[in-house]
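J.: below is the sequence, then the predicted model.
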Amino acid sequence: MNIYLPIAEMSESVFVLLGMGAAVGFISGLFGVGGGFLITPLLIFTGVPAPVAVGTSTAQLVASSVSGAVAQYNRNNVDIKLGVVLLGGGFLGTVIGVGVVQILRQAGQFDLFIALCYVLFLGVIGTLMMIESLQTVWKARGGVTPSMRRPGEHSWVHGLPMKMRFQRSKLYISAIPPFLIGAFVGFLAAIMGVGGGFVMVPALIYLLRVPTNVVVGTSLFQTVFVAAAATILHAGTLISVDLVLATILMIGGVIGAQFGASAGSQLKGEQLRLLLAGIVLLVCLRLGWDLVITPSEIYSLASPAGGS
């Protein structure tokens, strides 16, 4: 059964869209990432124009992240104080990111820019996470207990000013690094249609040494509000949010997130990171392939979707 998507100006199967939303919602609940790094490329693969895919993905992220965040909050896996600091930077980064998208669309370079961004960020982050996860699993099999933070261990982060105590994460660190991480994630949310979990999760784990289970819930908490802000800005300034498409994806996402959160509680932290790294690299390879192969149609004429 097909349905017409007014902003994307195309028809698509309802069942395909529901399946995509459910899959992304499952990943959101499982890993604590918004899932935008997956839903945006999937929409582009099905023919949805890149600007509409980005704008609509942020709307879908709100629903899937709310569902996953509630499930994680019930498990006491959300550091509210840390999440608020991340949000402060996230809102600033989102505003800047939407401005950049507007400039790129006017220049006609947005499609290429977003493809390059995905290949770069997913490739680097996925590779680093894969290496670390494999090393951790290997040590665990050798009888060495993996530890993300050793007693008395300090890094340059601990020398920064404006320190705050985050009780749930058992940290006493400067508020500057989480604010900057939040700003960068907000920028990515605006230009790539992602919640930024694929950046935030490893950053909080490896840079700030936040416990993995707390990272999952806190990342989802931050994603809810940043994705909502990005959706409003995309809809109001760029007219690139397809509400029909977003609604179908949301329905599937809410259902999938509950199953993902339940499955995530059965896996160890290093196993979650290894699975996430594999998915990130697969998406990266698929996007990279599209950049190097010869398209079926060398030239095409079309008016910009979602624009005037």
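T.: Cool, got the structure.
J.: list the residues that contact the closest residue to residue 210 other than its chain neighbours.
T.: Once flanking residues are discounted, residue 210 sits nearest to residue 204: 4.3 Å by C-beta to C-beta, 6 or more residues apart in numbering. Where C-beta positions appear, they are placed from N, C-alpha and C, glycine not excepted. Counting by C-beta atoms under 8 Å, 6 or more residues apart in numbering, residue 204 touches 178, 181, 210, 215, 218, 219.
J.: mind pulling the model confidence for residue 204?
T.: Residue 204 carries a pLDDT value of 83.
J.: could you do residue 30 as well?
T.: 71.
J.: and it, how close does it get to residue 104?
T.: Relative to residue 104, residue 30 is positioned 32 Å away (C-beta to C-beta, to the nearest Å).
J.: neighbour count winner among these two?
T.: residue 30 (26 against 17; other C-beta atoms under 10 Å).
J.: host element of that one?
T.: Residue 30 belongs to helix 14-31 when assigned by DSSP states H and E.
J.: helices and strands around that helix, which ones?
T.: Applying 3 or more C-beta pairs under 8 Å, 6 or more residues apart in numbering; DSSP states H and E, we find helix 14-31 packed against strand 2-5, helix 36-45, helix 50-74, helix 197-202, helix 243-264, helix 269-292.
J.: report the buried residues of it.
T.: Residues of helix 14-31 classed as buried: 17-18, 20-31 (neighbour count, 16 or more other C-beta atoms under 10 Å).
J.: can you check stretch 216-236 too?
T.: For stretch 216-236, burial by neighbour count (16+ other C-beta under 10 Å) applies to 216-231, 233-235.
J.: for residue 68, see how far away the closest residue to residue 82 other than its chain neighbours is.
T.: For residue 82, ignoring the flanking residues on the chain, the nearest one in space by C-beta to C-beta, 6+ apart is residue 166 at 4.8 Å. For residue 166, the distance to residue 68 (C-beta to C-beta) stands at 21 Å.
J.: the two: who's more crowded?
T.: Set residue 166 next to residue 68 and count neighbours by other C-beta under 10 Å: residue 68 wins out with 38 against 21.
J.: is it true that that one touches residue 257?
T.: Yes: the pair residue 68 / residue 257 is scored as a contact, 4.2 Å apart, by C-beta atoms under 8 Å.
J.: where in the protein is pLDDT low?
T.: Flagging of the chain using pLDDT under 70 yields the residue ranges 28, 31-36, 63-64, 142-159, 194-198, 264-271, 294-308.
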